[in-house]
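Q: what's the 3D shape of this:
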Amino acid sequence: EGRLSQKVTELREALLNVQAHLEAAIDFPEEDLSAFSGQHLQQEIERILRETDRLLDNAESGQVYREGIKVAIVGRPNVGKSSLLNALARESKAIVTSIPGTTRDIIEEVVSIRGIPLRLRDTAGLGEPGDEIEQIGMELSRKSIQEADLVLYVADGSEPLAAEDLSIISETKHKKTLAVVNKIDLPERIEEERLRQALEPEKLVRISALNGDGLEDLEQAVVDLVFAGKVFSLDDTLVSNVRHQHALNKTVESLKEATGAIANNFPEEITATAVKDAVDSLGEIVGETVTEDLLDKIFSEFCIGK
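A: Sure, this is the predicted structure:
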């Protein structure tokens, strides 16, 4: 919808207004101009600085939506994490056997669910490592949990919740989590209420990765979390282009120079130069130049020469 362009244009227009007052006061000192007071000027620049900072804060969310939401599939060994990855990817990407600890490295696959890109990471089962390789795999699993935007905690529905489950759950705290009770094709023995209390997931979904039962419910739960803004905010203007992020960073630097110049009572020329640099940086995003816009602003705001 062009929300980024609209927001940047608004900020640039506000800065052009500030620059016009500064430039007019400098270039036409003989005219009776109602330039901003120093305090008013600083307040306006600080407001624009806050708005620009907010755009930069949302850059991470924009990158997430462009490059994919990081989803860590975690749980103890042999609960069906690799089977779930294969089921969501619709093909065999990970080795699946009845032997616990088959996955020792991180397996990543990018899938699209209802148009949402997900970077699925099948992690090594967390528990007591049997050897050095398993230990390294578990360390990588913990790193994947830390980096994840969303965690799918997989539990074996055919077995009671184990102490090992509770230990792993403690490592997923402060993460958005979906509880996935797998192996519902087998007699159920897990205490779901106990799992809910321990994990406090956003939602609990029951599936069979083996035959595909419940997969659509799981996919819908992920979609609901994303569009409810639980994984990242969709309400704000998203910045996903690295070049745009660089231009916004330059804008912030210039605006901080401008506020510093005002605070230290430097000549107006120094403040005007910093503001001009900020206007130019925003212009790089929307493809606008400053010269004609600034002259239009000066002559529309002031009765120069009359």
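Q: which residue ranges form the helices in the stretch 51-200 of the chain?
A: In chain order, the stretch 51-200 of the chain shows helices spanning 59-67, 81-89, 132-147, 163-169, 192-199, with DSSP state H, counting those that start in this stretch as the criterion.
Q: comparing these by mean pLDDT, which bottoms out?
A: Within the helices of the stretch 51-200 of the chain, confidence is poorest for helix 59-67, with a mean of 57 (mean pLDDT).
Q: distance from stretch 75-88 to the middle of the chain?
A: For stretch 75-88, the separation from the chain centroid amounts to 26 Å (computed by C-alpha atoms, centre = their mean, to the nearest Å).
Q: buried set for that stretch?
A: Buried residues in stretch 75-88, counted by 16 or more other C-beta atoms under 10 Å: 75-88. From N, CA and C alone the C-beta is placed, and that goes for glycine too.
Q: closest one of those residues to R54?
A: When those are compared for distance to R54 (C-beta to C-beta), L88 wins out at 33.9 Å.
Q: the residue nearest to that closest one when sequence neighbours are not counted: neighbour count?
A: Taking C-beta to C-beta, 6 or more residues apart in numbering as the measure, L88 lies nearest to V111, with 5.5 Å between them; neighbours along the chain are not counted. For V111, the tally of surrounding residues (other C-beta atoms under 10 Å) stands at 18.
Q: residues near L152, how many?
A: When neighbours are counted by other C-beta under 10 Å, L152 registers 28.
Q: test my guess that it contacts I73.
A: Yes. Between L152 and I73 there is a contact under C-beta atoms under 8 Å: 4.8 Å.
Q: joint contacts of those two?
A: Counting by C-beta atoms under 8 Å, 6 or more residues apart in numbering, the shared contacts of L152 and I73 are L84.
Q: which stretches of the chain form strands?
A: In chain order, the chain shows strands spanning 69-74, 107-113, 116-122, 150-156, 177-182, 203-206, with DSSP state E as the criterion.
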